[in-house]
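In: whatever this is, show me its structure:
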Amino acid sequence: MKNTFKISTLFAIAILAFMACSSDDSTTQEEEEVVTELHAAFAAFNPEAVTIFLDGGNVVIETTGLPNHETVYWGEGHPLYREEPGVELTPSIISSNNNAVTITVDATPNLTGNTVATQLGTIGIAVSGSSIFNDQEGGGPLDRAAASLDWTGAHIGPGVYHYHLEPKAFTNDDDNLVGILLDGVFLYGRKCNSTGTYPTDLDASGGHTSTTQYTESEEEYHYHIINELYSNTGSYIAFAGPYQGY
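Out: Presented below is the predicted three-dimensional model:
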């Protein structure tokens with residue numbers, strides 16, 4: 001009986017050890033899973049300003065912050081300077097030493113967690129290379145700064161040239177890619193590529209799941225600029241939040 005008990009006990013320990021090893025192997029395999037190819041949408045970003053690379057399960061986006069379109073904020077004498085007499089200029093102009101930004105986002109956004117409110121400062125990088133900000137200005141409503149926004153819904157301060165509104169330089173009532181936000185979710189214009197019109201199933205963040213021009217018929221969660229005019233700006237907020245992909 002004693003020998004039988006010892007054998008049974010040893011057999012049970014062996015099974016438990018095997019299960020533990022199997023569990024460890026499975027965990028290791030999950031941890032080692034990494035994305036090996038950048039999303040096709042990244043090809044739309046301005047290569048003169050933006051550098052994008054994979055780092056394990058993350059995408060690192062480095063940008064000079066210098067847009068590839070006209071604006072009054074380039075300053076007179078610059079090839080991309082655009083005269084905009086109606087804009088109440090902020091003190092700064094775009095320069096090569098004050099717009100650089102680096103963000104790191106999940107290569108595969110986590111859509112299973114809680115929503116997270118946007119904060120002041122850079123909330124994403126646009127395809128032009130410049131920053132995207134939310135619907136606030138200095139902790140208050142954007143209205144107070146509306147007069148300083150250029151033709152494409154952007155201005156400077158603090159420090160970087162950035163968009164608050166639909167950036168008409170590269171998306172104007174269409175389905176074009178606007179950029180990527182800090183939660184790793186892409187932001188598109190007011191129309192949806194899957195239907196060719198304004199989406200009617202957007203969540204509180206302006207997101208939904210459908211195909212895009214970059215997903216090869218596969219559905220993917222993404223944001224749209226919501227088709228609702230904002231206050232006295234006569235345009236549309238780029239993104240107010242909350243994020244869904246953290």
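In: how about low-confidence regions in this protein?
Out: Along the chain, the parts satisfying pLDDT under 70 run over 1-33, 96-97, 232.
In: how's it carved up into domains?
Out: Following automatic domain parsing, the chain resolves into domains at 1-32, 40-236.
In: which one of the ones you listed lies closest to residue 242?
Out: Nearest to residue 242, of all those, is domain 40-236, at 4.1 Å by Cβ to Cβ. Every residue, glycine included, has its C-beta placed from N, CA and C.
In: could you pull out the helices in this structure for me?
Out: 2-32 (DSSP state H).
In: next, the contact list for residue 108, please.
Out: Contacts for residue 108 were tallied using Cβ atoms under 8 Å, 6 or more residues apart in numbering; they are 35, 57, 184.
In: CSV for these, including distance to residue 245?
Out: Shown next, in CSV, are these (distance: Cβ to Cβ, whole Å):
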residue, distance to residue 245
35, 14
57, 13
184, 5
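In: could you pick out the buried ones from these?
Out: With neighbours counted by 16 or more other Cβ atoms under 10 Å, the contacts of residue 108 contain buried members at residue 184.
In: of the domains of the chain, which stretch is the most buried?
Out: Greatest average neighbour count among the domains of the chain goes to domain 40-236 (a mean of 18), per mean count of other Cβ atoms under 10 Å.
In: run the chain-centre distance for that domain.
Out: The chain centroid and the centroid of domain 40-236 are separated by 8 Å under Cα atoms, centre = their mean, to the nearest Å.
In: and the closest residue to residue 55 other than its chain neighbours, how far is that from residue 125?
Out: Spatial nearest neighbour of residue 55, excluding adjacent residues (Cβ to Cβ, 6 or more residues apart in numbering): residue 104 at 7.2 Å. From residue 104 across to residue 125, the span is 11 Å (Cβ to Cβ, to the nearest Å).
In: overlap of the contact sets of these two?
Out: Joint contacts of residue 104 and residue 125 (Cβ under 8 Å, 6+ apart) are residue 61.
In: next, name the residue at the spatial heart of the chain.
Out: The residue lying closest to the centre of the chain (Cα atoms, centre = their mean) is residue 181, at 1.5 Å.
In: so which of the contacts of residue 108 is the closest to residue 111?
Out: Nearest to residue 111 out of the contacts of residue 108 is residue 184 (Cβ to Cβ; 9.7 Å).
In: OK, contacts around the closest one?
Out: By Cβ under 8 Å, 6+ apart, the contact set of residue 184 is 59, 105-109, 245.
In: go again using 7 Å as the cut-off
Out: Counting by Cβ atoms under 7 Å, 6 or more residues apart in numbering, residue 184 makes contact with 105-107, 109, 245.
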